[in-house]
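[1] Whatever this is, show me its structure:
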Amino acid sequence: MAFATIKSTQKQFLVNHLRGTGRELSAAQAETLYGIKNIRARMTEIRQAGFKVRTRKNTEGRIAYAVSRRMVSQA
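    Residues are numbered from 1 along each chain as shown. Okay, the predicted model is just below:
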């Protein structure tokens, strides 16, 4: 499934796909399954939007990303 068939931005898609689900996505999986070539940049944008992004090494030794929740703004 190429990203071109999805009716949202890559950032919106990743938030909806990963947020609160416990799913993780590596760069290789993002490119193969959804056509997202630079997941690292998208995760930076998601962090800047106030979401908590977790990273860990998966079983293949690659970084996998997960989005857990919107961070509480600090006053």
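
[2] who's in contact with the closest residue to residue 62 other than its chain neighbours?
    Computed as C-beta to C-beta, 6 or more residues apart in numbering, the closest residue to residue 62 that is not its neighbour in sequence is residue 26, at 4.6 Å. For the C-beta atoms, the positions are set from N, CA and C on the backbone; glycine is no exception. Applying C-beta atoms under 8 Å, 6 or more residues apart in numbering, we find residue 26 in contact with 39, 58, 60, 62-65.

[3] Can you lay out those as CSV showing secondary structure, pLDDT and neighbour count?
    Below are these laid out as CSV (DSSP: H, G, I helix; E, B strand; the rest coil; pLDDT from 0 to 100; neighbours: other C-beta atoms under 10 Å):
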residue, secondary structure, pLDDT, neighbour count
39, helix, 93, 22
58, coil, 81, 14
60, coil, 82, 9
62, coil, 88, 12
63, strand, 93, 15
64, strand, 93, 20
65, strand, 93, 23
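
[4] So which residue is smack in the middle of the chain?
    residue 14 (4.5 Å; C-alpha atoms, centre = their mean).

[5] Buried residues, the helix or strand encompassing that one. List them.
    According to DSSP states H and E, residue 14 maps onto helix 10-18. Using 16 or more other C-beta atoms under 10 Å as the test for burial, helix 10-18 gives 10-11, 13-15, 17-18.

[6] Show me which of the residues you listed is closest to residue 31.
    residue 10 (11.3 Å; C-beta to C-beta).

[7] can you pull out the helices in the chain?
    For the chain, helices defined by DSSP state H occupy the ranges 10-18, 27-29, 39-48.

[8] Kindly state which of these is positioned closest to residue 69.
    Proximity to residue 69 (C-beta to C-beta) singles out helix 10-18 among the helices of the chain, at 10.6 Å.

[9] Identify all contacting residues around the closest one.
    With contacts defined as C-beta under 8 Å, 6+ apart, helix 10-18 is touched by 3, 6, 8, 23-25, 30, 34, 36, 39, 42-43, 45-46, 49, 51, 65-67.
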